[in-house]
Structures are given as C-alpha cells and as structure tokens.
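Participant: Sequence plus predicted model, see below.
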Amino acid sequence: MASIPDLIFYILIFLSVYVQVFFFVTFLENRKRIVFKNGKTELEFYPTVTIIVPCFNEEQTVSQTINSLFDLNYPKEKVKIFLIDDGSTDNTLSLMKSFEGCFNVFIFHKENGGKHTAINLGLKNVETEFIACLDADSFVHPQALVRMMKCFLENEDIMAVIPATVIHNPKNFIQSIQKIEYFGAIFTKKMLGLSNGLHVTPGTLPIYKKEVFDKLGGFRKAHNVEDGEIALRMHQHNLRIEYCHDAYVYTVPPDSLYKLYKQRLRWGYGFMKNLIDYKHLLFRPKFGALSLLTLPSGIISMFSMVLLFIFFISTFINFFIEKIVKVQAVGLNGMFHLQKFDWFYFDIRGISLILVVCSILAVFTILVGRKMVEDRFQPSFYIILYIITYTVIAPVWFLKAIYNVIVSERPNWR
C-alpha cells in the first residue's frame with residue numbers, strides 16, 4: 001500500500017501531466033488559428049501609443065533599447081517615448097539625455113523608489129490611447145508594436161496584449177539554456193492566451209488600453225513583481241489579456257547561475273505572495289482559465305518540481321547505499337562487472353512511464369515554441385541540457401521561495 005507522501009507525489013505528477021496534455025489538445029484545436037505574420041504588417045488605422053521605459057542603472061543596454069524603439073515600423077507621430085530614470089547611480093541618465101531633442105522623446109528623473117513608481121510617473125503624463133512599458137534591458141523587433149496593435153483592432157474586448165519574449169544573443173551556457181526555456185514559455189503562454197488565462201504582463205513591452213489604468217489605478221509594488229499583480233487585478237475586473245506570439249521582444253537574461261537564482265527566487269516569491277493577496281480568484285469559475293488552470297498549475301508545477309527533486313535524490317542515495325552494501329559483500333570486483341543490456345529489465349512502472357511522457361511533452365512545447373520564433377522545428381542538444389539542469393537547480397529556488405514566504409523574508413531585487 002502506498003504511503004501518504006507517495007500518494008501526494010503521484011497526484012501532483014498526474015496533475016502535471018494533465019496540464020501538459022491540456023495544452024497539447026488546445027494546440028491541436030487551435031493550430032489553424034496560430035498564424036505567423038511574415039514581412040511587414042500594415043494597419044488601416046494607427047492608434048497613438050506612449051512607451052514608458054523605466055530605468056535604474058541600465059547604462060549597458062539603455063541606448064540599444066531606445067534605438068530599437070526608433071526602428072519600429074509605426075508612424076513616428078503616433079508614438080511617444082517616456083524615458084524615466086529612477087535615481088540611477090551610474091551613467092544611465094547621461095545616456096538618456098543624449099536622446100534629448102529627438103522627436104517625441106521625453107525624459108524624466110526622480111529619486112529611486114522602485115520600478116512601479118517610475119512607471120506611475122509616466123502614467124501621470126500620458127495622453128495617448130494606449131500605453132506600453134519596456135524594460136531597459138530589452139530590444140524590440142521592428143514589427144512588434146504594429147502586430148500587437150493589430151490584436152486590439154481585431155478584437156475590441158482585448159484590454160492588454162503581451163509579446164513573445166526571446167533571449168537576446170546568448171553568450172554562455174546559462175543563457176543558452178534560458179533560451180530553450182523561453183521557447184517553451186512562448187508555447188505555454190500562447191495556449192493560456194487562447195484560454196484567457198495569462199497571469200502576468202511582463203516588462204517586455206506589454207501594451208494596455210489607457211482605460212485599464214483609468215479604471216484600476218497605477219502599478220503597485222506587489223512584492224517586486226508588479227507585472228504579475230496588475231494582470232491579476234485585470235482578471236479580477238474581467239479585463240482580457242491577449243498574447244501575440246509573432247511580436248518579438250528580445251531580452252538580456254542573467255549570465256550566471258547566481259543571478260539566475262536571484263531572479264527566479266524573486267519571481268517565485270512574488271508569485272506566491274501575489275497569489276495569497278488574490279486567493280479569492282482561485283477555483284472560482286467566473287474567473288475562467290486563470291482561476292481553474294493557470295494559478296493551480298503554477299502551484300502544482302512548483303511543488304511537483306520540488307518533489308521530483310526529492311525523488312531523484314532519494315533514488316540516488318538508495319543506489320549509493322546499495323552499491324556500498326554490494327562492495328562490503330563481494331568486494332570491488334563486483335562493482336565493475338558489466339551486465340548485458342536486456343529490455344526485459346527495462347523499468348516500466350507507472351512513475352517511469354509518466355516521467356517519460358512528461359519529458360516528451362516538454363520537448364514538444366519547446367520545439368513548437370522555437371517554430372513560433374525561428375520558423376524551424378529543430379531539436380537541439382541544449383534541450384536535454386536544459387531539462388537536466390533545471391531538474392537540479394529549479395527546486396532550489398522554489399524551496400527558498402517557499403521558505404521566504406513562510407518566514408516573510410523578502411528577496412532583494414538584484
């Protein structure tokens with residue numbers, strides 16, 4: 001008879017597979033609707049847009065970010081760019097001022113108060129129909145803005161649109177496996193967008209109708225994940241968020257394991273704290289896929305990852321103990337005896353098959369995500385490295401995030 005921990009493990013793994021199968025079925029049902037726009041997109045009407053770029057110590061990337069906005073395929077007179085320095089201590093403000101005098105560029109400076117205060121300063125000065133926010137370490141594809149605006153024009157019920165975030169020019173192993181991760185995220189977010197279940201509007205150029213902020217107010221600190229809180233607040237008021245899979249925004253990811261850990265710790269902590277703040281959205285049918293799928297699956301994935309990690313660690317320890325006992329019994333000679341492989345001994349227990357199915361579905365999501373970005377359905381050795389690496393390291397920041405929530409210890413931004 002299975003123990004209680006075993007039952008919990010099996011239930012979580014089953015639910016994880018269920019969610020992945022749901023995404024797979026959603027993809028099959030909507031594959032003809034997932035159209036890729038190649039070349040230049042044109043609109044019959046171009047609404048006015050303000051792009052707010054909050055900056056804090058971004059001297060390495062801010063110039064490239066601003067230049068990418070100048071290259072947008074969108075009428076210049078329809079776009080305003082707000083560059084907001086949030087009390088930077090490096091050369092960020094000086095670099096921003098080098099763009100002073102450029103058409104429709106407005107520069108603001110304030111004491112450091114956090115990203116949400118910088119964006120809110122911009123919101124106070126917005127007069128356009130639409131508002132976009134862009135992190136100063138991201139670079140926009142020339143067609144991104146026009147393709148996202150097309151989503152609004154095709155469906156007046158849409159109140160916000162988010163683009164596909166792609167890793168920019170990975171330079172090392174850590175960044176390369178993040179690129180693979182983001183391919184999978186593109187597929188997942190597209191499926192959630194089709195189900196109206198997106199739970200975050202990340203800082204890589206989300207676009208909102210101005211009436212969103214007229215109705216809900218500005219951004220909040222929200223445990224340093226204000227882009228997650230505003231999305232939950234929108235769902236609370238039944239405001240739809242759409243995903244534009246062929247509008248690409250490139251971002252510079254953490255380039256070391258420690259920086260990746262710090263980023264994901266903040267994300268995990270913020271997700272759980274915002275979920276606690278908006279717990280009334282859970283398991284409420286009137287909030288649709290967000291309530292019944294997105295938020296529960298986020299919880300399931302975190303705890304499944306941790307339990308899977310514990311499973312692998314306990315398996316390794318048991319294997320190691322078994323080998324020690326064998327050495328004590330028969331000596332070292334028994335350790336180096338290679339047995340001939342026989343499929344008869346292949347492990348076909350339920351848990352093994354479930355893990356194989358999970359891996360296959362994970363690879364499928366990555367490959368489809370890559371197809372959405374690079375128009376090629378091509379495997380990569382980095383996919384295997386990504387799965388192995390994240391199986392080992394992701395539970396670490398999840399466990400730490402859970403601990404931080406329990407003891408109310410807020411992680412640092414950087």
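Facilitator: Here it is on my side, so go on.
Participant: only C-alpha atoms for contact and neighbour calcs from this point on.
Facilitator: OK.
Participant: Identify the single longest helix in this structure, thanks.
Facilitator: Determined from DSSP state H, the single longest helix within the chain is helix 295-330.
Participant: mind listing what's buried in that helix?
Facilitator: With burial defined by 16 or more other CA atoms under 10 Å, the residues of helix 295-330 counted as buried are 295-298, 300-309.
Participant: Where is pLDDT lowest across those?
Facilitator: Across the buried residues of helix 295-330, the smallest pLDDT goes to L308, namely 73.
Participant: Quick one: the helices in this structure, in order.
Facilitator: So, for the chain - with DSSP H - the helices run 4-30, 62-70, 92-97, 115-124, 144-154, 173-194, 210-216, 226-236, 257-277, 288-289, 295-330, 350-374, 381-407.
Participant: Nearest to N104, out of those helices?
Facilitator: Among those, helix 62-70 comes nearest to N104, with 10.3 Å by CA to CA.
Participant: what angle do that closest one and helix 144-154 make?
Facilitator: Angle of helix 62-70 versus helix 144-154, following axes from the mean of the first three to the mean of the last three CA atoms, to 10 degrees, is 50 degrees.
Participant: what's helix 62-70 packed up against?
Facilitator: helix 92-97, strand 138-140 (3 or more CA pairs under 8 Å, 6 or more residues apart in numbering; DSSP states H and E).
Participant: rewinding a little: between the longest helix of the chain and helix 381-407, how big is the angle?
Facilitator: With the same axes, to 10 degrees applied, the angle from helix 295-330 to helix 381-407 works out at 110 degrees.
Participant: Take the buried residues of helix 295-330 and lay them out in JSON lines including distance to A144.
Facilitator: Output for the buried residues of helix 295-330, formatted as JSON lines (distance: CA to CA, whole Å):
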{"residue": "L295", "distance to A144": "28"}
{"residue": "P296", "distance to A144": "31"}
{"residue": "S297", "distance to A144": "29"}
{"residue": "G298", "distance to A144": "28"}
{"residue": "I300", "distance to A144": "33"}
{"residue": "S301", "distance to A144": "30"}
{"residue": "M302", "distance to A144": "32"}
{"residue": "F303", "distance to A144": "35"}
{"residue": "S304", "distance to A144": "35"}
{"residue": "M305", "distance to A144": "34"}
{"residue": "V306", "distance to A144": "37"}
{"residue": "L307", "distance to A144": "39"}
{"residue": "L308", "distance to A144": "38"}
{"residue": "F309", "distance to A144": "38"}
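Participant: For F316, give me its contacts.
Facilitator: Going by CA atoms under 8 Å, 6 or more residues apart in numbering, F316 touches no other residue.
Participant: next one: N125
Facilitator: N125 makes no contacts at all, as judged by CA under 8 Å, 6+ apart.
Participant: any weak-confidence spans in the stretch 101-250 of the chain?
Facilitator: Along the stretch 101-250 of the chain, the model assigns pLDDT under 70 to no residue.
Participant: So G270 sits against A222, correct?
Facilitator: Yes - counting by CA atoms under 8 Å, A222 is a contact partner of G270 at 7.4 Å.
Participant: Compare these two and say which is more crowded by neighbours.
Facilitator: Shown here are G270 and A222; by other CA atoms under 10 Å, G270 has more neighbours (23 against 17).
Participant: quick one, what contacts that one?
Facilitator: G270 neighbours (CA under 8 Å, 6+ apart): A222, H223, N224, V225.
Participant: Neighbour-wise, which one of those residues leads?
Facilitator: Comparing the contacts of G270 on neighbour count, V225 comes out first with 24 neighbours (neighbours: other CA under 10 Å).
Participant: That residue touches W267, doesn't it?
Facilitator: Yes - between V225 and W267 there is a contact under CA under 8 Å: 6.8 Å.
Participant: which residues sit in contact with the closest residue in space to L232 that isn't next to it in sequence?
Facilitator: Leaving aside its sequence neighbours, L232 sits nearest to H199 (CA to CA, 6 or more residues apart in numbering; 6.1 Å). H199 is in contact with G228, A231, L232, L290, T294, L295, counting by CA under 8 Å, 6+ apart.
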